[in-house]
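In: Take a look and give me a structure for this.
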Amino acid sequence: VVSMLVRDRESGRIRSSNPNGGVLNVDGQSEVVAEDRIAVYLTIEYQPERTANITMLNQSISVLLAPGKPTIISQSADPNTDRKVAVEVTATVVK
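Out: Reported below is the predicted structural model:
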């Protein structure tokens with residue numbers, strides 16, 4: 001789980017790694033475009049711990065979300081294992 005709090009029309013980034021080579025990087029930007037819509041721009045880089053079969057997810061996506069509603073914006077499967085990766089985003093306006 002990654003949580004990011006960013007100001008309207010600003011960006012944030014999170015970098016996370018472990019000694020075994022696992023990486024989770026998230027760059028995000030949001031913009032309130034209407035009272036009931038938030039535009040979210042995300043770049044996600046995910047690599048599980050290093051193994052003989054190194055796989056990586058690298059994705060950039062732009063979505064329009066309803067505030068407070070959890071939305072799965074991406075799903076993928078690792079071609080070498082049974083691992084599945086889902087990205088769920090909840091955009092909330094904090095006043």
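In: low-scoring stretches of the protein, by residue?
Out: Applying pLDDT under 70 to the chain picks out residues 50-54.
In: rerun at 50
Out: Of all residues in the chain, none has pLDDT under 50.
In: ranges for the helices of it?
Out: Taking DSSP state H, the chain contains no helices at all.
In: which residues in it form strands?
Out: For the chain, the strands defined by DSSP state E cover 11-17, 23-34, 37-47, 57-65, 71-77, 84-89.
In: Adding mean neighbour count and distance to V2, write these out as TSV.
Out: From N, CA and C alone the C-beta is placed, and that goes for glycine too. Below are the strands of the chain laid out as TSV (neighbours: other Cβ atoms under 10 Å; distance: least, Cβ to Cβ, whole Å):
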stretch	mean neighbour count	distance to V2
strand 11-17	12	6
strand 23-34	16	5
strand 37-47	17	9
strand 57-65	13	14
strand 71-77	13	13
strand 84-89	14	10
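In: mind checking which of those strands is nearest S3?
Out: Judged by Cβ to Cβ, the one of the strands of the chain that comes nearest to S3 is strand 11-17, at 8.8 Å.
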